[in-house]
Every structure is written in structure tokens, then in C-alpha cells.
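show me the folded form of this:
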Amino acid sequence: MPEWSNGADSKSVVPFGVPGVRIPLSPRRKNNVKRAAIFLIAARLFVHPAGTIYQRVQVPSISFRLNLFFDLLIYIGMTNAILPEIRQATEKLYQEARVGLDEGTPVVLLHITAEYTIVASGYKAMPDQMRMFSIGAEKTAREYFKHTPPTPAEIEYAITAVEEEVMPMRKSLPADSKLFTFDAKIYEIASYAEGIVTAQKMTFTRSKMEDVFSRLAAIITGRPASMDTLPSDLPFAATLLILREFMHHLGFVEITIEHNS
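Numbers count the residues shown, from 1 in each chain. Below you'll find the model as predicted:
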């Protein structure tokens with residue numbers, strides 16, 4: 001039985017509303033790019049260019065220390081590099097999310113694109129912090145989903161990878177933040193929830209999101225897809241999974257969706 005479907009008896013301490021589906025809390029798979037960067041830094045620290053191991057009493061040369069410094073810059077860049085045009089577009093969305101809110105109200109913007117996910121948060125007109133994650137609707141689907149619908153094992157690996165990306169941000173987000181998005185894919189997910197009346201601006205609760213995910217989970221575990229109206233495309237499943245992990249692990253009970261047609 002896959003770990004993600006252990007149900008209420010799971011060791012997960014995060015509350016959720018889908019019987020038979022858990023959210024794993026212990027990452028088991030490291031991002032290969034980050035791991036390679038860490039390995040390179042470790043090699044700089046312990047291995048002499050000639051191949052011998054550094055003794056503790058040795059003082060690294062200036063060139064060694066410069067190389068290590070640049071390795072660290074590369075690692076930081078790989079984990080959270082944001083191009084200026086992406087930063088500017090995200091700032092604009094963040095400002096739109098703040099329209100009508102008092103200064104001092106904490107806001108978090110979630111933007112899931114095809115190849116990455118970006119989060120901006122803060123209390124004022126401009127975000128205090130912005131983070132980019134190496135997960136996205138098409139990227140996550142491409143890397144983890146090899147079948148349509150995905151297998152339970154593929155879902156489990158994807159959950160672990162997404163969780164590994166978002167969990168470290170939990171302590172850095174403002175308390176009692178309001179979560180916003182302008183993503184068409186999240187709007188589409190909300191449109192499949194029962195009892196939701198779609199509008200240009202609407203609130204999508206975590207419980208409603210779980211209702212949609214439980215239907216996807218049922219299809220993944222054997223229910224004929226023809227018995228539901230959910231889309232069968234893999235980026236839809238990946239976006240739903242990313243949204244679910246984000247809301248659960250970062251403590252959001254609802255998200256405000258603004259859709260510009």
C-alpha cells in the first residue's frame with residue numbers, strides 16, 4: 001500500500017479531509033541539482049586539487065577559498081534565482097492581490113507556472129520576500145508522472161518532491177496571511193468543486209480542494225475516469241497536487257482566486 005494512501009492511521013500530523021490519503025512529512029528524495037552543488041562544495045572543502053585529502057591544520061589557499069565562494073554563489077543561484085522580468089511580473093500580481101487591503105495585512109501570492117512556482121509575501125505594497133521553487137504544472141508532471149492517470153507510486157514521489165520544496169518556507173511566512181492567486185489552472189480546479197459558483201473573484205477553501213483531490217485519488221486507485229468529469233491531463237493533476245501540499249503544509253485554509261478572462 002503506498003504511503004500516501006495510508007489514511008487516518010498514518011503518522012502524518014497534518015489534518016486533512018480525504019479518507020485514505022495522507023500527506024507525507026518526511027522527505028526521502030533530494031533534488032539532484034541541489035545535491036550535486038552540495039557535493040561540489042564538500043569536495044572543495046576536503047579534497048586538494050592534486051587529489052589528496054586536506055589535513056585539518058592546513059590553511060586553504062586564496063584560490064581555493066575563491067572557488068568555494070563561487071560554488072556557494074552557484075548553489076544559492078540554483079536554489080532561488082529569479083530573473084528580473086519574472087520578479088517584476090510577480091510584484092505586479094502581488095500588488096493586484098493587495099488592492100482593497102489595508103497596509104499591514106499580510107498577503108501571500110501563489111503563482112504556479114508550467115516550469116516553476118513562485119511565492120511572494122509581505123505586509124506592504126511591495127513583497128518583503130520572494131521565493132522560486134523548482135516545481136511546476138508541466139515540470140512536475142513530466143518528471144514524475146509516466147502514466148495517465150498517474151500511478152500511486154508516482155503520486156507519492158511527486159508529493160515528496162513538492163513537500164521538500166515548500167516545507168522550509170513555513171516559518172518565514174507572515175502569520176495569518178491571506179493567500180491569493182491569479183492562476184487559470186487553479187481557477188479551473190475550483191470550477192470542478194461541488195457547490196462552487198465560479199466568479200471573477202472567489203474563495204476556494206481547503207476542504208473543497210480536498211474534495212477535488214479525493215476524486216483524483218479515487219481515479220488513481222482504480223475508479224474508471226469516465227465516472228468523473230475531472231480532466232485527464234497530467235498538468236492538471238500536478239497543479240492540484242502542488243496546491244494541496246502548499247495549503248496543507250503552510251497552514252492555509254482558503255485561497256482567494258481572481259480570474260481575468
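
tell me what Arg131 is bridged to.
Val119 (DSSP bridges).

what is the three-state secondary structure of Val99?
Recorded secondary structure, Val99: coil (DSSP: H, G, I helix; E, B strand; the rest coil).

residues near it, how many?
Per other Cβ atoms under 10 Å, the neighbour tally for Val99 reads 7. No exception for glycine: its C-beta is placed from N, CA and C like everyone else's.

can you show me the CA trace of stretch 182-193 as CSV?
Extracted in CSV, the C-alpha atoms of stretch 182-193 (Å, rounded to 0.1, in the frame of the first residue of the first chain):
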residue,chain,number,x,y,z
PHE,A,182,-4.4,34.6,-10.4
ASP,A,183,-3.7,31.2,-12.0
ALA,A,184,-6.1,30.0,-14.6
LYS,A,185,-5.3,26.4,-13.7
ILE,A,186,-6.2,26.8,-10.0
TYR,A,187,-9.4,28.6,-11.2
GLU,A,188,-10.1,25.5,-13.3
ILE,A,189,-9.6,23.2,-10.3
ALA,A,190,-12.0,25.3,-8.2
SER,A,191,-14.6,25.1,-11.0
TYR,A,192,-14.8,21.3,-10.6
ALA,A,193,-15.6,21.5,-6.9
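
buried stuff in that stretch?
For stretch 182-193, burial by neighbour count (16 or more other Cβ atoms under 10 Å) applies to Phe182, Asp183, Lys185, Ile186, Tyr187, Glu188, Ile189, Ala190, Tyr192, Ala193.

check stretch 107-126 too.
Applying 16+ other Cβ under 10 Å to stretch 107-126 flags 107-113, 116-123 as buried.

dump that stretch to PDB, restricted to CA.
Coordinates of each C-alpha in stretch 107-126 appear next as PDB, following Å, rounded to 0.1, in the frame of the first residue of the first chain:
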ATOM      1  CA  VAL A 107      -0.500  38.700   1.900                       C
ATOM      2  CA  VAL A 108       0.900  35.600   0.200                       C
ATOM      3  CA  LEU A 109       0.800  35.300  -3.600                       C
ATOM      4  CA  LEU A 110       1.000  31.800  -5.100                       C
ATOM      5  CA  HIS A 111       1.800  31.500  -8.800                       C
ATOM      6  CA  ILE A 112       2.200  28.000 -10.400                       C
ATOM      7  CA  THR A 113       3.600  28.200 -13.900                       C
ATOM      8  CA  ALA A 114       4.500  25.400 -16.300                       C
ATOM      9  CA  GLU A 115       8.100  25.200 -15.200                       C
ATOM     10  CA  TYR A 116       8.300  26.800 -11.700                       C
ATOM     11  CA  THR A 117       6.300  28.000  -8.800                       C
ATOM     12  CA  ILE A 118       6.900  31.400  -7.300                       C
ATOM     13  CA  VAL A 119       5.700  32.800  -4.000                       C
ATOM     14  CA  ALA A 120       5.700  36.400  -2.800                       C
ATOM     15  CA  SER A 121       4.700  37.600   0.600                       C
ATOM     16  CA  GLY A 122       4.700  40.700   2.700                       C
ATOM     17  CA  TYR A 123       2.700  43.400   4.600                       C
ATOM     18  CA  LYS A 124       3.100  46.400   2.300                       C
ATOM     19  CA  ALA A 125       2.700  47.500  -1.300                       C
ATOM     20  CA  MET A 126       5.900  45.600  -2.300                       C
END
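
nearest to Val99, out of the buried residues of stretch 182-193: which one, please.
Nearest to Val99 out of those is Phe182 (Cβ to Cβ; 11.8 Å).

state the distance from the closest one to Val108.
Taking Cβ to Cβ, to the nearest Å as the criterion, Phe182 is separated from Val108 by 13 Å.

now do Thr160
Taking Cβ to Cβ, one finds Thr160 at 23 Å from Val108.

now Ser232
To Val108, Ser232 is 30 Å away according to Cβ to Cβ.

for Thr90, what are phi and psi?
As for Thr90, its main-chain torsions (degrees, to the nearest 10) stand at phi -70, psi -40.
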